[in-house]
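Asks: need coordinates for the following:
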Amino acid sequence: MVYVHAGLLACAPRDHDWVRWDEHFSFIQEALTKNKIVDRDLAYCAHLAADNAAAAGQRVSAGEAYRLALDQFKALGNDEKVSEVSASWATVSI
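Replies: Now for the predicted structure:
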């Protein structure tokens with residue numbers, strides 16, 4: 001179920017639906033806390049969600065999702081994506 005929420009998290013910014021964003025993000029965080037999930041698809045969805053939130057001007061939401069993507073990519077040992085996500089996050093943290 002966490003993957004459905006991750007996919008929907010990426011869609012929420014396009015609809016400017018920040019209530020849904022909060023619901024999906026909370027579900028994901030709770031699932032990760034309980035189950036210690038590390039997964040490439042989850043990382044990619046979080047990165048897309050962050051980029052979409054950043055494009056919508058939602059810096060805090062984007063930062064939350066960038067942190068999630070970064071944590072996932074680090075756990076996966078994907079240094080290239082860690083660098084990419086870090087660079088993207090830096091542009092909205094200014």
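
Asks: right, and residue 81 touches residue 66 too?
Replies: No: at 11.4 Å, residue 81 does not count as touching residue 66 under the criterion of C-beta atoms under 8 Å. For every residue, glycine as well, the C-beta is placed using N, CA and C.

Asks: and these two? Which one has more around it.
Replies: residue 66 (26 against 19; other C-beta atoms under 10 Å).

Asks: nearest residue to the more buried one other than its sequence neighbours?
Replies: In this structure, residue 66 finds its nearest non-sequential neighbour in residue 89, 3.9 Å apart by C-beta to C-beta, 6 or more residues apart in numbering.

Asks: contacts only, for residue 85.
Replies: By C-beta atoms under 8 Å, 6 or more residues apart in numbering, the residues touching residue 85 are 47, 50, 66, 69, 70, 73.

Asks: tell me the SS of it?
Replies: Following DSSP: H, G, I helix; E, B strand; the rest coil, residue 85 is assigned to helix.

Asks: low pLDDT regions in this protein?
Replies: Within the chain, the segments meeting pLDDT under 70 span 94.

Asks: check which helix or strand residue 89 maps to.
Replies: Take DSSP states H and E as the rule and residue 89 turns out to sit in helix 79-93.

Asks: just give me the neighbour total for residue 24.
Replies: Using other C-beta under 10 Å, the number of residues around residue 24 comes to 23.

Asks: and what of the one 5 residues further on?
Replies: Number of residues near residue 29 (other C-beta under 10 Å) recorded here: 14.

Asks: excluding its backbone neighbours, what's nearest it?
Replies: residue 68 (7.9 Å).

Asks: can you check residue 70 too?
Replies: The shortest distance from residue 70 to any non-neighbouring residue, by C-beta to C-beta, 6+ apart, is to residue 85 (4.9 Å).

Asks: re earlier: ok, the residue nearest to residue 66 touching residue 64?
Replies: No: under the criterion of C-beta under 8 Å, residue 89 makes no contact with residue 64, lying 10.4 Å away.
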